[in-house]
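> give me a model of this one.
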Amino acid sequence: MRVGMVSHWFDPEGGAAAGPGTIARAIQRRGHQVDVLTGYPIYPAGKIFPGYRIRPYSRETLRGIAVHRVPAYPSHDDNATRRMANYLTFAASSSLAAPAALGASDVVLVYSSPATAATAAVPLKMLRRVPFVLHIQDLWPDTVTSSGFVTGPTSSFMDRTIARYCNAVYRSAAHIAVISPGMVETLRERGVPDQKISVVPNWAEESSFYPTARDASLASALGINRAFNVMYAGNHGEMQNLEVVLEAANRLRHRKDIGFTLVGDGVRKHFLRQSAKERGLDNVIFLDPQPFDKMAEILALGDVQLVTLKDLPLYRITMPSKIQANMAAARPIIAAVSGDAAAVVEQADCGAAVQPGDVDSLVRAIIQLAEAPHTALVELGRNARSAYLEHFSEQSVGDSLESILETHKRSEEAKCER
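Purely as a prediction, here's the structure:
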């Protein structure tokens, strides 16, 4: 089977943008040919990666996968106009390139984040009769309106426009996969038939996220030297609500045994670093994004990993990729989230779920785990890894995704008629 993939993000982008590469390689390992249509790498800083320059079209091979790149306005900051320019220019350029780049595909998988990535699948279906499967990572227009990027009358107009676009894409898709159970009910309410929806959660890049021992020399080199280390590794954006983590650090500054490490980058990192400096939070360390192939060693330096989001209806039905990554690495988790993600942590018994934005409950959870026996933390990590292998591993979830793609691939008759 020849699988085309449309994704706004792709390697060498890491962090939250690493998902498409993880999926593409899993499909390839199952013996299928994979072609990816994507943009030039800019995530998370919004700047073109070294070694790349924006051109009308380029092709490269990454780990055996053909990657077709088309231009988009390079931005990933908190300005709504620039962010939408990035989304819309990729939608336009990928739509023009899709018939040539992915026209020979048997089926196309659309990594739907942002939702505008699906635009390129439409000409493929119309001109080449190539069906597409939508893999929804975040629901639109909810993501746009909940972000606060757009407010006032413009927000209402954009909400209606995006909703019409999404409904048209849902109708056109051969099948829709979602990453959490809560999304199923939302799509059902929007008129998508039950038989057209499957829950296909994300899995971790298992070559990068796995259990490993703490490296004391690495911890010393990075300045992570306290007896109990709370770590957040991921995007430092508006929706991650990391100000709450700084407030927790402020309240625990008297605990010389507890330290905080924030790893990654994003539009709020400069503000967070400046805020910590102004407040004299010497118990907080900021680290730059780390090499993806070193993430297991980095996560092992945290006695507990944080997953945090703002308390918005949208995030109650989503599943941050950090949940699976931390579980795969056998790390205890404090999930300052609600809904589906909190339920996973609670059901797996791999840490604590606290109300998002509630500093008091976050502080209590940190103290409880800091004062727990080391054996209890080890057991939480084992529970995390066991639940990951059972519910989120590449083997189990990848098989489900492959089956969906096989079921909805283009018929031989359609190939002959194109």
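
> buried ones in stretch 203-217, by neighbour count?
In terms of neighbour count (16 or more other Cβ atoms under 10 Å), stretch 203-217 has its buried residues at Trp203, Ala204, Glu205, Glu206, Ser208, Phe209, Tyr210. Where C-beta positions appear, they are placed from N, C-alpha and C, glycine not excepted.

> and what of stretch 110-129?
110-125, 128.

> now that stretch, how far from the centre of its chain.
Relative to its parent chain, stretch 110-129 has a centroid offset of 20 Å by Cα atoms, centre = their mean, to the nearest Å.

> check stretch 398-405 too.
19 Å.

> which residues does that stretch contact?
1, 3, 23, 26-27, 30, 32, 107, 109, 133, 135, 175, 177, 198, 200, 203 (Cβ atoms under 8 Å, 6 or more residues apart in numbering).

> redo that, cut-off 10 Å
1, 3, 22-23, 25-27, 29-32, 106-109, 131-133, 135, 174-177, 198-201, 203, 393-394 (Cβ atoms under 10 Å, 6 or more residues apart in numbering).

> buried subset of these?
Among the contacts of stretch 398-405, those classed as buried by 16+ other Cβ under 10 Å are 1, 3, 22-23, 25-27, 30, 32, 106-109, 131-133, 135, 174-177, 198-201, 203, 393-394.

> take the residues you listed and keep only those in helices.
Cross-referencing the buried ones among the contacts of stretch 398-405 against helices under DSSP state H gives Thr22, Ile23, Arg25, Ala26, Ile27, Glu394.

> closest to Ile48 among those?
The closest of those to Ile48 turns out to be Thr22 (Cβ to Cβ; 22.5 Å).

> show me the shaky parts of the stretch 151-300 of the chain.
For the stretch 151-300 of the chain, the stretches flagged by pLDDT under 70 are 151-153.

> which parts of it are strands?
For the stretch 151-300 of the chain, the strands defined by DSSP state E, counting those that start in this stretch cover 175-178, 197-199, 228-233, 258-263, 284-287.

> from the middle of its chain, how far away would the second one be?
If I follow you right, that is strand 197-199. So, by Cα atoms, centre = their mean, the centroid of strand 197-199 is 18 Å from its chain's centroid.

> my guess is Ala16 meets Ser321, correct?
Yes: with contacts counted by Cβ atoms under 10 Å, Ala16 reaches Ser321, the gap being 5.8 Å.

> so who does the closest residue to Asp194 other than its chain neighbours touch?
Of all residues beyond its chain neighbours, the one nearest Asp194 is Arg188 (6.4 Å), with distances taken as Cβ to Cβ, 6 or more residues apart in numbering. Shown in contact with Arg188 (Cβ under 10 Å, 6+ apart): Asp194, Lys196, Ile197.

> considering those, which possesses the most neighbours?
Ile197 (20 neighbours; other Cβ atoms under 10 Å).

> for that one, list each beta-bridge partner.
Ile176 (DSSP bridges).

> look up how far His175 lies from it.
8 Å (Cβ to Cβ, to the nearest Å).

> shared neighbours of these two, anything?
Each of Leu134 lies in contact with both Ile197 and His175 under the rule Cβ under 10 Å, 6+ apart.

> give me the contacts around the host helix or strand of Ser146.
Here Ser146 sits within helix 142-147, counting by DSSP states H and E. With Cβ under 10 Å, 6+ apart as the contact definition, helix 142-147 has outside contacts at 78, 80, 83-84, 87, 113-115, 137-139, 149-151, 155-156, 158-159, 162-163, 166, 186, 237-239, 310, 312-315, 317-318.

> rewinding a little: same list (the buried residues of stretch 203-217) but as TSV, adding distance to Leu287.
Converted to TSV, the buried residues of stretch 203-217 look like this (distance: Cβ to Cβ, whole Å):
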residue	distance to Leu287
Trp203	25
Ala204	20
Glu205	19
Glu206	23
Ser208	16
Phe209	17
Tyr210	20
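
> list buried residues within the contacts of helix 142-147.
80, 83-84, 87, 113-115, 137-139, 149-150, 155, 158-159, 162, 166, 186, 237-239, 310, 312, 314-315, 317-318.

> quick one on the thing from earlier: just the C-alphas of the helix holding Ser146, formatted as CSV.
Output in CSV follows, covering the C-alpha atoms of helix 142-147 (Å, rounded to 0.1, in the frame of the first residue of the first chain):
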residue,chain,number,x,y,z
ASP,A,142,-12.8,25.2,19.3
THR,A,143,-9.0,25.5,19.3
VAL,A,144,-9.1,28.9,17.6
THR,A,145,-11.8,30.5,19.7
SER,A,146,-10.5,29.0,23.0
SER,A,147,-7.0,30.3,22.4
